[in-house]
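> What follows is a predicted protein model with its sequence.
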Amino acid sequence: MLRKIFAACTLSCVAAGAYAQPPAPPAPPPPAVCTRADLQAAADSYVAAQKSGDASKLAFADKAVFKENMADVGKGDGLWNKALAVAHSRSFLDATRCKTFTEVIVTQGDHPYVIGTRLYVDNRKITRIDSLVTDKGDWLFNANAYLKYSSAEDWKAPKGAAQLSGQELINAANSYLDMFSDKFVKTPWGRPCARLEGGAYTNRNNDPNATCEVGIPAGVLYIVNRDYVVDEDLGVINVFCRFGNSSTGMPDSHTFRLVNGKLANVHTLSVNLNPDAPSPQADDNGAIVR
C-alpha cells in the first residue's frame, strides 16, 4: 500500500512540475526610434539649455534618467540647470543607438568647465541625460588650453575619405583603450595625430608627422564599462568608460576621429573622484604642469 501511495505521489509531483513553468522574463523594451535630424535637434536644445540655464528647453520623457559623473542626480540638480557662457561646442550623432555626444567648453566666469554630455533619444524625447563634468583638479584640466586646441581642429568628414563602418570605429577605439593594459595591441595610428587630454596637447607645434602613440602609460588597469556613440557620417566614436573598477573607477570619455581608417584626433575627459589627491594640471599652452 505504501508503495502505491508513494508511486502515485511521485507521478502527481512530476505532472505538477511539468505544468508549473517559471514565469516568462519580461519582454525587452522596443528599440529607440530616431533620425539624425531628431538627434541634432536634441543636441542643439541641450546647448541652448546649458547657455540659458533653462532645462525646460530639453524635451525630457516622463521617466527620464539623469546622471552626472556616472552617478544618479535629480533633474534639477544637474549642471544643465546652470547658465554657462559656452565658448565652443561640438556634437556627434548616432542614429543606430539613438544617442548624441556633445563637447562643451566654458572659459568665462569664475568656474571654467569642459563637459561631455550624452543624450538618449526616443521619438524626439530625451530618455536619459548623462554628463561628465570636468574642472580644476580633474586629469590635466585647463579649459583655456582645451578651447584653444579643440576650436582649431576640423572634425568634419574629410572630402574623399573612405567611410568606416560602425564596427570598424568601435574596433579602433577598443584597440586604443586596450593598449593601456596591453602595450602589444595593434592600434591604427595615423599621421598627423593630435591628442587633447583635459588641456594637455601633444601637437602644439603643428608637426605634420606628429603621432598620438607617445606618452600613453603602460600597466593601467583594464578600462571597463565601455559604451559607445558612433557617428559613421563623421568618422567619430565616443566611448564612456571607467578606469579599473566598474563602480568606483575614474569616469572617462574618449572621443576618436579617424581619417581613412587611421587615428587623427583623440580627446579625453577624465573625472577625478578623489578631491584629496588632485590630478596633474595643464597650463594655457597645453603643457603638463608637474
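On my side now, so go ahead. Since this is a predicted model, take the numbers as computed values, not measurements.
> Let me see the contact set for Thr255.
92, 101, 103, 116, 236-239, 265-268 (CB atoms under 8 Å, 6 or more residues apart in numbering). Heads up, the C-betas are built off the backbone N, CA and C, glycines and all.
> One more pass at 6 Å, please.
Going by CB atoms under 6 Å, 6 or more residues apart in numbering, Thr255 touches 238, 267.
> how far away is it from Lys82?
Thr255 is 23 Å from Lys82, where distance means CB to CB, to the nearest Å.
> Okay, and the beta partners of the closest residue in space to Tyr120 that isn't next to it in sequence?
Closest residue to Tyr120 apart from its sequence neighbours, by CB to CB, 6 or more residues apart in numbering: Arg128 at 3.9 Å. Beta-bridge partners recorded for Arg128 (DSSP bridges): Val65, Tyr120.
> and Arg128, how many neighbours?
By other CB atoms under 10 Å, the residues close to Arg128 number 17.
> I figured it hits Val65, correct?
Yes: the criterion here is CB atoms under 6 Å, and Arg128 meets it with Val65 at 4.2 Å.
> Now for these two: what residues contact both?
Contacts common to Arg128 and Val65, judged by CB under 6 Å, 6+ apart, are absent.
> can you tell me which residues contact the nearest residue to Asn142 once chain neighbours are set aside?
Distances taken as CB to CB, 6+ apart place Gly199 nearest to Asn142, at 2.8 Å, with adjacent residues excluded. Shown in contact with Gly199 (CB under 6 Å, 6+ apart): 140-142, 145-146, 282.
> try 8 Å
114, 140-146, 281-283, 286.
> Also Leu119?
39, 42-43, 46, 99-100, 102, 126, 128-130.
> and what of Tyr149?
194, 196, 201, 204, 286 are the contacts of Tyr149 under CB under 8 Å, 6+ apart.
> what secondary structure does it sit in?
Following DSSP: H, G, I helix; E, B strand; the rest coil, Tyr149 is assigned to helix.
> Mind checking which of the contacts of Tyr149 land in strands?
Among the contacts of Tyr149, DSSP state E puts 194, 196, 201 in strands.
> Please name the spatially closest residue to the second one (chain neighbours excluded).
When you say that, I think you mean Leu196. His267 is the one closest to Leu196 (CB to CB, 6+ apart), at 4.9 Å.
> List the pairing partners of the strand or helix carrying the one you found within its sheet, with orientation.
Element membership of His267, judged by DSSP states H and E, is strand 262-270. Sheet pairing here is set by DSSP bridges, and for strand 262-270 it gives strand 189-197 (parallel), strand 250-259 (antiparallel).
> Mean pLDDT per helix and strand in the chain: which one sits at the bottom?
Scoring the helices and strands of the chain by mean pLDDT, DSSP states H and E places helix 2-19 at the bottom, with a mean of 47.
> burial of Thr127, as a residue count?
So Thr127, with other CB under 10 Å, has 18 neighbours.
> Assess the claim that it and Ala64 are in contact.
Yes: taking contacts as CB atoms under 8 Å, Thr127 lies within contact range of Ala64: 5.6 Å.
> where along the stretch 1-150 of the chain do the helices fall?
For the stretch 1-150 of the chain, the helices defined by DSSP state H, counting those that start in this stretch occupy 2-19, 36-52, 143-150.
> pLDDT weak spots in the stretch 51-200 of the chain?
Applying pLDDT under 70 to the stretch 51-200 of the chain flags no residue at all.
> Skip the chain neighbours and tell me the closest residue to Gly76.
Gly76 sits nearest to Ala55 (CB to CB, 6+ apart), 7.5 Å away.
> what's the neighbour count on the one you found?
So Ala55, with other CB under 10 Å, has 19 neighbours.
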